[in-house]
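Asks: build me a model from this:
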Amino acid sequence: MRRLLVPAFLSLSMAVALPAQDKPAPVRLTPLRVSPASTLSQEIGISRIELSFARPAVKGRKIWGGLVPFGEVWRAGANAATVITFSHPAKVAGKEVPAGSYSFFAIPGEKTWTLILNRKAKQWGAYDYKKEEDLLRWEATPQTGPFLEYLDYRVLPVDAGSANVELGWEKLRVSFPVAFDTKAIYWAQLEDTLKKAPGTDWVPWYQAAKYCQDQGIEPQQALGWIEKSLKIGESFWNQETAARIYMDAKRKPEALTHLQKAIDLSRGKAPKEYTENLEKELVAWKATN
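Replies: Numbers count the residues shown, from 1 in each chain. Below you'll find the predicted structure:
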């Protein structure tokens, strides 16, 4: 009797377990969107500006004051609202903006546009747009430009800390400035990196010292960091940087010693041109008062 019950029990258990199994994923076609999605990413210093948007086409239509009405909130693209992301705190059109992602909207006008950063980053079009969720509004003047069939965005670096973000479509362009406090952002990264750096790795201390030497800042910090790097391990990289730091400090004998060590260590390890350039520099340094 017991032998008959066991198979029956196992069969019942398996039958009960079947509905709990995972269902296969549904089969779906990828939509063919007439306004293709696009992403754009641009480094500014060690910061980053990213844009996520869809590109509508003109298709012979009247765009400004037609497909895109004047005086109404527009998603600044197609499909989902355009999203702009700042990796670090920034100034947008001169106004402070925290790091994060924002929906980017525009209210086109015949002569002036209102541009908007909205705190709700993910939303479809402007259907659920709420003015009270705006972080920032500012005015911009559109300019004419070459015809663009598809809407486009560009991020054009100005220098190590700033860029212009440009929206272009049909024959209009609208742009606005974005700026990062690159020096403060980089210094915060530098300090955080050195806190984490092990005492067995010469590279972070060399990098920090070289940054200071390149920028002409914090000479005493640079000297301390390059000496720590050299104590951990010597290379032609940190020897060269040490030479430059000592030369900046008007300590010529130490500068010449370190530059000679950089030359010696570079032979057979660095490109020939690198060593030759250091040798020429050593001759020039020796000739200075």
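
Asks: just give me how far whichever strand or helix holds F53 sits from the chain centre.
Replies: Using DSSP states H and E, the element containing F53 is strand 47-54. Chain-centre distance of strand 47-54: 9 Å, with CA atoms, centre = their mean, to the nearest Å.

Asks: with stretch 58-74 instead?
Replies: On CA atoms, centre = their mean, the centre of stretch 58-74 falls 32 Å from the chain's centre.

Asks: over to stretch 115-132?
Replies: Distance, centroid of stretch 115-132 to centroid of chain: 23 Å (CA atoms, centre = their mean).

Asks: average model confidence for that stretch?
Replies: The average of the pLDDT scores along stretch 115-132 is 94.

Asks: picking that back up, tell me the buried residues in the helix or strand following the strand holding F53?
Replies: Using DSSP H and E, the helix or strand that follows strand 47-54 towards the C-terminus is strand 82-86. Neighbour counts over strand 82-86 (16 or more other CB atoms under 10 Å) mark 82-84, 86 as buried. (Glycine included, C-beta is placed from N, CA and C.)

Asks: rewinding a little: ok, the strand holding F53: who's next to it in the sheet?
Replies: Sheet pairing for strand 47-54, assigned by DSSP bridges, gives strand 37-44 (antiparallel), strand 82-86 (antiparallel).

Asks: buried ones in that strand?
Replies: 47, 49, 51-54.

Asks: same check on stretch 204-214?
Replies: Of all the residues in stretch 204-214, those buried under the rule 16+ other CB under 10 Å are 204-213.

Asks: ok, so of the residues you listed, who is nearest L151?
Replies: Nearest to L151 among those is Y211, at 39.3 Å by CB to CB.

Asks: same question for the strand holding F53, mean pLDDT?
Replies: Per-residue scores along strand 47-54 average to 98.

Asks: export only the CA atoms of it, formatted as CSV.
Replies: What follows is strand 47-54, C-alpha atoms only, in CSV (Å, rounded to 0.1, in the frame of the first residue of the first chain):
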residue,chain,number,x,y,z
SER,A,47,32.4,66.5,-15.3
ARG,A,48,29.9,65.2,-17.8
ILE,A,49,26.8,66.6,-19.6
GLU,A,50,24.5,64.0,-21.0
LEU,A,51,21.4,64.5,-23.1
SER,A,52,18.7,61.9,-23.9
PHE,A,53,16.2,62.9,-26.6
ALA,A,54,14.3,61.8,-29.7
